[in-house]
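>>> need coordinates for the below:
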Amino acid sequence: MTCRLHPEAHTSPQRVLCHTYGRTKDTHIGVSGWPYSMVVALEPGRHTWTAPLDARRLQPGDDAATVTAGQLRDVVHRLIAAGQWQPGEPDMWIVADAAQRLATRLRNHPGSSAGSRLRYPGCSAIIESMNAETLSLQARARVHAALGDPARLAIVDALTLGDASPGEIAAGLGMPTNLVAHHVKVLADAGLLGRTRSEGDRRRTYLHLIPGVLSTLTAPRLDGAERVVFVCTRNSARSQLAAALWRRRIGGQAASAGTHPAPRVHPRAVRVAHEHGLALDPAGTHHVDDVVHDGDLIIAVCDNAHEDLTGPVRPRLHWSVPDPGRVDTDEAFEAAYAELADRIDRIAPALHPGAGHG
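Purely as a prediction, here's the structure:
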């Protein structure tokens with residue numbers, strides 16, 4: 001990932017705040033610019049020459065790991081089609097500074113398998129970290145220092161199972177908003193938290209844990225629910241995929257619904273589900289009022305549903321999963337599937353018997 005800085009960037013509606021790193025302590029600054037995700041071929045010799053293969057400019061709200069994952073899929077396809085890799089040759093080797101997040105995005109791609117490896121017929125590409133999957137001593141020390149405050153640890157606990165806005169964190173923990181802002185900055189600087197802009201009102205910011213940084217974190221336990229209901233706006237993609245994934249990976253009862261359901265399930269969602277061995281009913285969309293019952297564990301998998309459901313039917317958890325229908329590409333639906341699968345895997349250890357599984 002690289003950033004092109006520009007003096008007029010702060011006046012552009014497409015600007016993105018980019019971090020530049022100073023050479024001394026506390027000299028990191030944020031400036032407006034245009035970040036690009038770059039894929040380059042590293043020379044095998046002793047010099048550091050590189051051959052650019054692909055470059056994509058990030059737009060406001062883009063997830064860098066998702067964009068890069070799409071690039072890698074395209075580049076591997078192109079290299080194989082161009083004959084740059086032949087059967088019997090060594091695996092392609094992909095080196096990245098966000099290898100764990102890339103592996104999560106790529107894990108459920110139809111041409112991949114679990115783990116940090118992207119598979120194609122006769123070929124696979126190994127995804128490895130630029131730092132050999134270990135944090136530097138300084139980075140690890142920042143993580144431990146950030147978690148050394150009880151208030152910050154409480155914020156991390158609150159975000160373990162779902163996303164929340166700073167205001168929701170403040171209300172849930174009974175903490176002043178200015179103090180929450182301070183603690184969130186410390187956690188973000190340590191690489192523990194990320195921020196996304198709401199796809200609903202576009203004003204709220206939701207916080208989420210960065211996958212993998214706290215791989216040993218024990219999530220708070222969930223109990224007291226016999227069924228899980230996933231809710232999004234249209235009930236045409238994310239909630240449908242989440243319910244099918246839950247039944248496959250967790251077992252037990254799971255349903256889906258929408259606050260403004262579409263007439264049919266999105267064809268790309270049906271196709272993605274089929275490619276992963278899941279079945280969706282193309283006509284099986286439902287309104288939340290017709291599905292949710294007392295005692296259900298309600299999980300909102302989109303920002304609009306989370307913000308709309310403020311009455312008696314209120315989500316217990318919120319997963320801020322981008323709407324793949326906005327982009328309407330196979331890659332967007334694959335990315336939504338991968339994120340939902342990762343979220344469900346992360347929540348599984350927190351389930352008590354009876355909490356939405358049999």
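
>>> quick one, phi psi at I299?
phi -120, psi 120 (degrees, to the nearest 10).

>>> what's the closest non-adjacent residue to it?
L317 (4.6 Å; CB to CB, 6 or more residues apart in numbering). For every residue, glycine as well, the C-beta is placed using N, CA and C.

>>> what's the burial count for that neighbour?
When counting by other CB atoms under 10 Å, one arrives at 19 neighbours for L317.

>>> do A82 as well
8.

>>> cool, and G191?
G191, neighbours per other CB under 10 Å, totals 14.

>>> over to the one 10 residues further on?
One way to gauge burial is a neighbour count; for D201, by other CB under 10 Å, it gives 10.

>>> list the contacts for R204?
165, 167, 197-198, 303, 307 (CB atoms under 8 Å, 6 or more residues apart in numbering).

>>> one more time with 10 Å, if that's ok
Counting by CB atoms under 10 Å, 6 or more residues apart in numbering, R204 touches 165-168, 196-198, 303, 306-307, 320.

>>> and for S198?
Counting by CB under 10 Å, 6+ apart, S198 makes contact with 61, 165, 204-206, 302-304, 306-307, 320.

>>> re the thing from before, so which of the contacts of R204 is the closest to A190?
P166 (16.7 Å; CB to CB).

>>> within the helices and strands, which one has the residue lying closest to the closest one once chain neighbours are set aside?
Leaving aside its sequence neighbours, P166 sits nearest to V180 (CB to CB, 6+ apart; 5.2 Å). Using DSSP states H and E, the element containing V180 is helix 177-189.

>>> how about the contacts of S198 in CSV, adding distance to L159?
What follows is these, written out as CSV (distance: CB to CB, whole Å):
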residue, distance to L159
G61, 19
S165, 11
R204, 15
T205, 13
Y206, 10
C302, 17
D303, 15
N304, 20
H306, 14
E307, 18
S320, 11
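
>>> ok, A65 to A336 distance?
To A336, A65 is 14 Å away according to CB to CB, to the nearest Å.

>>> per the record, what domains does this protein have?
Taking automatic domain parsing as the criterion, the chain consists of the domains 2-129, 137-209, 227-350.

>>> can you give me the strands in the stretch 101-250 of the chain?
For the stretch 101-250 of the chain, applying DSSP state E, counting those that start in this stretch gives strands covering 112-113, 117-120, 123-129, 193-197, 205-209, 227-232.

>>> lowest-confidence stretch among those strands?
For the strands of the stretch 101-250 of the chain, mean pLDDT drops lowest on strand 112-113, to a mean of 38.

>>> quick one: V301 and V228 touch, right?
No - contact criterion CB atoms under 10 Å: V301 and V228 do not qualify, at 11.1 Å.

>>> shared neighbours, the two?
242-243, 256, 317.

>>> of these, which belong to helices?
242-243 (DSSP state H).

>>> isn't V213 up against L193?
Yes - the pair V213 / L193 is scored as a contact, 9.1 Å apart, by CB under 10 Å.

>>> G284: which of the contacts of S198 is nearest?
C302 (18.0 Å).

>>> so which one of the shared contacts of V301 and V228 is the model least confident about?
L317 (90).

>>> quick check: phi and psi on T329?
Per degrees, to the nearest 10, the backbone of T329 is at phi -130, psi 160.

>>> ditto for the one 10 residues further on
Dihedral pair for E339: phi -70, psi -40, per degrees, to the nearest 10.

>>> burial measure for it, as a count.
E339 sits with 26 neighbouring residues when counted by other CB under 10 Å.

>>> now do P349
Using other CB under 10 Å: P349 sits among 10 other residues.
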